[in-house]
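Peer 1: prediction below, plus the sequence it came from.
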Protein chains: 2
Amino acid sequence: MESNGTRTLRRAAAAALLFAVLVAMLTPASTQAAAAVDGHADPIAPVALALAVILMSAKLGGDLAVRLGQPAVLGELVIGVVLGNLGLLGFHGFEAWSADGSTIDMLARIGVLILLFEVGLESTVAQMMKVGVSSLLVAVVGVAAPFALGWAVGAWLLPQHTVYVHAFLGATLTATSVGITARVLKDLNRSKSPEARVILGAAVIDDVLGLVILAAVAGVIAAADAGTTISQGAIAWILGKAALFLLGALTLGLFLSKRLFRFASKLRSLGVLLATGLSFCFVLAYLSSEIGLAPIVGAFAAGLILEDLHYRDFVDRGEHSLEELTHTISQFLVPIFFVLMGMRTDLSSFGEPGVLALAAVLTVAAIAGKQVCGLGVVGRGFDRLAIGIGMVPRGEVGLIFADIGSKLAVQGEKIIDQATFSAVVIMVIVTTMVTPPALKWSLGRKSSG
Amino acid sequence: MESNGTRTLRRAAAAALLFAVLVAMLTPASTQAAAAVDGHADPIAPVALALAVILMSAKLGGDLAVRLGQPAVLGELVIGVVLGNLGLLGFHGFEAWSADGSTIDMLARIGVLILLFEVGLESTVAQMMKVGVSSLLVAVVGVAAPFALGWAVGAWLLPQHTVYVHAFLGATLTATSVGITARVLKDLNRSKSPEARVILGAAVIDDVLGLVILAAVAGVIAAADAGTTISQGAIAWILGKAALFLLGALTLGLFLSKRLFRFASKLRSLGVLLATGLSFCFVLAYLSSEIGLAPIVGAFAAGLILEDLHYRDFVDRGEHSLEELTHTISQFLVPIFFVLMGMRTDLSSFGEPGVLALAAVLTVAAIAGKQVCGLGVVGRGFDRLAIGIGMVPRGEVGLIFADIGSKLAVQGEKIIDQATFSAVVIMVIVTTMVTPPALKWSLGRKSSG
């Protein structure tokens, strides 16, 4: 234990040293423009440096998180918060990276698509249909309760904001992070337990319900911003469009994707499986955006549709599976998203009155809202507490919602302002951090009892 | 044979159909801005569509090329030429993709770094040191002769342009494409023959020499553009800096990278090997840009430095090797580069007097310049003709040089203008296309004789 602690400290010191070297290396970058005569300043050079700093920071943060018994994603977020707030210490070299529309920002956006695609790949449409009444009920309760609680928290603590802000805040609390839950269950070697099956099934449905709510709320907000109100019929239309898109993608997609992959399996060049899989994901992301949904909905649907069967021809001849290939791409691009999310957390806004209070109440609402989930489980012998705990982590989906909210505005008023965004990030950090030890305790309690 | 031809035709028809569907899908994109009210137009949506079209086009082009006995890269280039010139048929939807600084352009630039890193990974510093006098002589002759011939062609056919243009044209003819040569030898199952070893060794040295020449020529041009001339001492300084950087990267890099990977192998989160390898590549790319070299020089050096030994710890515990991981990333990003290079070829400039003539003479110079290579081989029993042919393909490096040249200017005069760029692309296409059948013939002639 002692030696482990010392080692952790030594690693942390080494990490800090490496980090200082990287920062020092960055300094000449500012003088680069002046020295343009002595070389063709390729615009990729600063991007390459940014990628190196982000990737290594993500892995160092992930390592520290894992050593502290936490999921790696938490460390990526926290190291992002550190990088993004070096301005408080007078260092502003990293701030341009997180600017909207920068290359790093676009890479992060591609990263989210890949992540949702990867999560979708872990389940099939058939598995989704099979997960019983329990998963569906758990998901519905697990979306409705936090949505109502989040809305109430908004109305209570942000009375100066509009109802749109309150509703959006509710929406950010809805979706369980499939990735984090699955990862924690895997780490505990419990991913085949009955509780795990209910949690994972519910988390998947929960994601879809959350995304539909997001589409509806975002549609209402876009209409309000355009100065019009939106009729109940129009809300129903948004919900209907979303449902139609998902149903259409799932049915037509299943039909077409089989043919697409059968065709692709006959193409004689390298990398066809990855290119076809990614293209399928990108086209559905584009289509879902065209229809008024977030691109991540399409990416997730694409992942759900594709099954091992589709690309058996490729795997039979010794190629890697699409999951493996996608996982490698996600190892490169997904950390960029989480570090960038962390970087956008403005620590100075934590000093503002109300941010910490809002974060605390939001966190309580987020945890309490999912605890009623257990009531949805039909049948005996289930650890209802463990199921409620398993639904707690918000992770990437909550951040994606907050990110979308920060880009929406009604009559010039941002839906998710800097302070609220920071509060949501704190909520995500706490719900993510609380889950692994709590789930471990709850499942351990049952098996030993 | 008949059935094969029919199948090729059927595939081509299917490809054209798929392509038409994709184009039709693109049309609503132009009306998207008008319909912004009905959704949060995520800036990633058009990028996702562009990526899907580029990736699928690349694979379709690659398939056709492979069916015709050509390397896949050729098909990616040609399909890029088609996509980029749909404007001639009145369709301009794709033109924004190839704009300088667009997300697609930046992804392509990251793709080139990954490609050169990957090529570097295929060799080690020790292998480079071991390749005998033959490889070194072949490389020096194979760089000097095309450089002189290219310069002469420029002076002869482009008398209205400055000496900078002529010198740069010479530089674009210098470097053999390691990737294409290696791929062709592998396809012919001859990658362990003595000729193959000399060719691959020479191609590696050749790359470095070509990159050093590029650095020198680009430095001279940058100085000329700033209105100053560059002294011979300054040219020597550029060469010296390049040599110092490469030597420093190779020696210090070998020393530091071992420690870096030993440290990284102790980090407890997923994807550490890929993140560390890519970061190493990106940092060296950044440093080589800081020193006045092209970022690809650093990426290539990073690949040379890293050896299996560095990440044995990772592979021992069952992770994929860095080559495999990098190869997956390159499957995603590298085709973007080649398709984009094709897209930048302006077919309408082929009508201009002189472009086809320039292309024809450049191609002859490129092929002839490498045929004298065989004279550099020391010892008996080598197929000198096969070695000369093996050095012919210019591929990605020639395109990268032309791309850099198209972004350099002296007193407002572009170094590589649209017409010259098109001529270089034709030269690359022809040298790439000629090599596989010629090499097959030459090596077959020896073994059957």
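Peer 2: On my side now, so go ahead.

Peer 1: contacts, neighbours, all on C-alpha from now
Peer 2: Noted.

Peer 1: now the strands for the stretch 301-449 of chain A?
Peer 2: Assigned strands in the stretch 301-449 of chain A, in chain order: A:409-410, A:413-414 (criterion: DSSP state E, counting those that start in this stretch).

Peer 1: what's the closest of those to residue B:361?
Peer 2: strand A:409-410 (59.8 Å; C-alpha to C-alpha).

Peer 1: number of nearby residues for the closest residue in space to residue A:383 that isn't next to it in sequence?
Peer 2: Sequence neighbours aside, residue A:195 is the residue nearest to residue A:383 in space, at 6.7 Å (criterion: C-alpha to C-alpha, 6 or more residues apart in numbering or on different chains). Using other C-alpha atoms under 10 Å in any protein chain shown, residue A:195 is surrounded by 23 other residues.

Peer 1: ok, residue A:195 - contacts?
Peer 2: A:382, A:383, A:386, A:387 (C-alpha atoms under 8 Å, 6 or more residues apart in numbering or on different chains).

Peer 1: the same query, at a cut-off of 7 Å, please.
Peer 2: Counting by C-alpha atoms under 7 Å, 6 or more residues apart in numbering or on different chains, residue A:195 makes contact with A:382, A:383, A:387.

Peer 1: and the first one, what is it in contact with?
Peer 2: Applying C-alpha under 7 Å, 6+ apart, we find residue A:382 in contact with residue A:195.

Peer 1: returning to that earlier point: deepest of the strands of the stretch 301-449 of chain A, which one?
Peer 2: Burial of the strands of the stretch 301-449 of chain A is given as mean neighbour count (mean count of other C-alpha atoms under 10 Å in any protein chain shown); strand A:409-410 ranks first at a mean of 19.

Peer 1: now tell me what touches it from outside.
Peer 2: Residues from elsewhere that reach strand A:409-410, judged by C-alpha under 7 Å, 6+ apart: A:221, A:224, A:225, A:415.

Peer 1: narrow these to those in helices?
Peer 2: Counted as lying in helices by DSSP state H, out of these, are A:221, A:224, A:225.

Peer 1: thinking again about what came up before, roughly how far apart are the residue nearest to residue A:383 and chain B?
Peer 2: To chain B, residue A:195 is 26 Å away according to C-alpha to the nearest C-alpha, to the nearest Å.

Peer 1: residue A:389 contacts residue A:440, correct?
Peer 2: No: applying C-alpha atoms under 7 Å as the test, residue A:389 and residue A:440 come out as separate, 9.9 Å apart.

Peer 1: the more surrounded of those two?
Peer 2: Per other C-alpha under 10 Å, whichever of residue A:389 and residue A:440 has more neighbours is residue A:389, with 25 against 18.

Peer 1: residue contacts, that one?
Peer 2: By C-alpha under 7 Å, 6+ apart, the residues touching residue A:389 are A:371, A:435, A:438, A:439.

Peer 1: filter those down to the buried ones.
Peer 2: Buried members of the contacts of residue A:389, scored by 16 or more other C-alpha atoms under 10 Å in any protein chain shown, are A:371, A:435, A:439.

Peer 1: closest to chain B among those?
Peer 2: The nearest member of the buried ones among the contacts of residue A:389 to chain B, counting by C-alpha to the nearest C-alpha, is residue A:435 at 18.1 Å.

Peer 1: from residue A:74, how far out is that closest one?
Peer 2: Taking C-alpha to C-alpha, to the nearest Å as the measure, residue A:435 falls 11 Å from residue A:74.

Peer 1: repeat for residue A:410
Peer 2: From residue A:410 to residue A:74 the distance is 32 Å (C-alpha to C-alpha).

Peer 1: cool, and residue A:339?
Peer 2: 10 Å.

Peer 1: so which residues of the stretch 51-200 of chain A form helices?
Peer 2: Assigned by DSSP state H, counting those that start in this stretch, the stretch 51-200 of chain A shows helices spanning A:72-84, A:103-121, A:125-130, A:133-157, A:163-172, A:178-187, A:194-225.

Peer 1: I'd like the ones you listed laid out as a markdown table, including mean pLDDT.
Peer 2: Converted to a markdown table, these look like this (pLDDT from 0 to 100):
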| stretch | mean pLDDT |
| --- | --- |
| helix A:72-84 | 86 |
| helix A:103-121 | 89 |
| helix A:125-130 | 68 |
| helix A:133-157 | 89 |
| helix A:163-172 | 90 |
| helix A:178-187 | 66 |
| helix A:194-225 | 77 |
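
Peer 1: TSV for these, including distance to residue A:251?
Peer 2: Formatted as TSV, the helices of the stretch 51-200 of chain A follow (distance: least, C-alpha to C-alpha, whole Å):
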stretch	distance to residue A:251
helix A:72-84	33
helix A:103-121	15
helix A:125-130	9
helix A:133-157	20
helix A:163-172	27
helix A:178-187	23
helix A:194-225	16
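
Peer 1: surely residue A:370 touches residue A:392?
Peer 2: Yes: if you go by C-alpha under 7 Å, residue A:370 and residue A:392 touch, sitting 6.0 Å apart.

Peer 1: quickly find the element holding whatever residue of the stretch 201-350 of chain A ends up closest to chain B.
Peer 2: Using C-alpha to the nearest C-alpha, residue A:279 is the residue of the stretch 201-350 of chain A that sits closest to chain B, at 4.1 Å. Applying DSSP states H and E as the criterion places residue A:279 in helix A:272-290.

Peer 1: now do that helix against helix A:103-121, angle only.
Peer 2: Angle, helix A:272-290 to helix A:103-121, by axes from the mean of the first three to the mean of the last three C-alpha atoms, to 10 degrees: 100 degrees.

Peer 1: list the helices and strands helix A:272-290 packs on?
Peer 2: Where contact means 3 or more C-alpha pairs under 7 Å, 6 or more residues apart in numbering or on different chains; DSSP states H and E, helix A:272-290 is packed against helix A:295-305, helix A:322-343, helix B:44-67.

Peer 1: so residue A:335 makes contact with residue A:58?
Peer 2: Yes: contact criterion C-alpha under 7 Å: residue A:335 and residue A:58 qualify, at 6.2 Å.

Peer 1: identify the contacts common to those two.
Peer 2: residue A:76.

Peer 1: and residue A:317, what are its phi and psi?
Peer 2: phi -90, psi 20 (degrees, to the nearest 10).
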